[in-house]
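J.: Any chance you can model this:
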Amino acid sequence: MCRDCSGCSTWFDLSKVGLSGEGCIRSAAFLSSIRVPCTQNVVAPSLYTRTLTAVRPLPGSTFSRIELGHSSIHGSVFIKSPLLPGKSLLYEACIQQIVRESLDRGSFDKGAPRVVDVFRLLDGSISFSMDLIQNAKPLSALLSESADLTPLILDVLLNLTAMLAHLETDIGMNHRDLKPSNLLVETHEPRARLLPVDGSVHRILSTHTITLVDFGFSCIGDTETQKADLAIGDVYGSADPCPKRGRDLFMFLAFLYMECGTRIQPDLRRLFGQWLQNGKTGLLAKLDTYGHEFDQWIYFITGNEQVGAFDCCPSRVFRDLVRRAA
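T.: Next up, the predicted model:
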């Protein structure tokens, strides 16, 4: 890290992702100066460098291709590439690594996959590789497998609310696509964990470690002005306030309720109604009626440029969960 970062909380050393140079992610001049060399082998396209090889394709998202890869230096990795030639995942890689470093500072182990390297393909696309999170499953898969959802949901939400509170205040980040499929969960024996929320540190016994993935819609901005310094994806408008307090948690709770709302305990369902402003908007009833047909409206609500914050801020949800457990 640079010793004189001029107050920048998102100073980025590009050597950590296989490039050269360093600067502030909030600086447009620095972002435009980043150069990414082409390292794909002409004869063997599955070889991206001498040390990185694509092994096999995996189910990807709507906008990208995911491959399992092998690095002679880092072992098994995920390789993420754009589906369309000429597209770039450079800024996504930068945000993901900045998030990883921020969560490391907050003592959130495995909070985001570490970016291993960034490289250009022969078609002009820019891809990146990242750590493979071992023994973790998407939360969406765990929800379908678990008979008793309450312990899982409570543990995940306690960890997630503390994580989101940290990211909002530390670097002004909104994920903007936070749903159960974009949260990896590792299940393990109970571990004592200290979670800092609202200036206090709370001790919990946790059986899950969570990892944020897929930063393709993310933004980093100023918490005071709510102006984005770096925003990616075409779902949100250029005037979208970033960060919006509680936005990621509102989105996550809505998608989580779609996945398992009919299977949770009545008192927890009432909390979801309070968090999602059910008394004002009738949102739970809409989610019950339309299910995932309502997905596009969740993005519309969270992307409303007239909304600067959501009531279900991380600290409020965390306090409600602690009170429920007391």
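J.: Tell me the buried residues in stretch 116-123?
T.: 116-121 (16 or more other C-beta atoms under 10 Å). Just so you know, the C-beta spots here come from the backbone N, C-alpha and C atoms, and that holds for glycine as well.
J.: cool, and stretch 218-228?
T.: Result for stretch 218-228 [16+ other C-beta under 10 Å]: buried residues 218-221, 226, 228.
J.: From the buried residues of stretch 116-123, pick the one nearest L14.
T.: V118 (8.2 Å; C-beta to C-beta).
J.: State the helix or strand in which the closest one lies.
T.: Under the criterion of DSSP states H and E, V118 resides in strand 115-120.
J.: Averaged pLDDT, that strand. What do you get?
T.: Averaged across strand 115-120, the pLDDT comes to 95.
J.: Relative to T49, how far out is the residue positioned nearest the centre of the chain?
T.: Taking C-alpha atoms, centre = their mean, the centroid of the chain lies closest to L212, which sits 3.9 Å from it. To T49, L212 is 26 Å away according to C-beta to C-beta, to the nearest Å.
J.: So the residue nearest to the centre of the chain is in contact with N182, correct?
T.: Yes. If you go by C-beta atoms under 8 Å, L212 and N182 touch, sitting 7.0 Å apart.
J.: Look up how far M251 lies from F30.
T.: 29 Å.
J.: Kindly report the same for L58.
T.: L58 is 25 Å from M251, by C-beta to C-beta.
J.: domains of this structure?
T.: In terms of domains, the chain is parsed into 11-131, 136-325 (source: automatic domain parsing).
J.: Which one of the buried residues of stretch 116-123 is nearest to L143?
T.: V116 (29.6 Å).
J.: Same list (the buried residues of stretch 116-123) but as JSON lines, adding distance to V156.
T.: Output for the buried residues of stretch 116-123, formatted as JSON lines (distance: C-beta to C-beta, whole Å):
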{"residue": "V116", "distance to V156": "27"}
{"residue": "D117", "distance to V156": "30"}
{"residue": "V118", "distance to V156": "30"}
{"residue": "F119", "distance to V156": "34"}
{"residue": "R120", "distance to V156": "37"}
{"residue": "L121", "distance to V156": "36"}
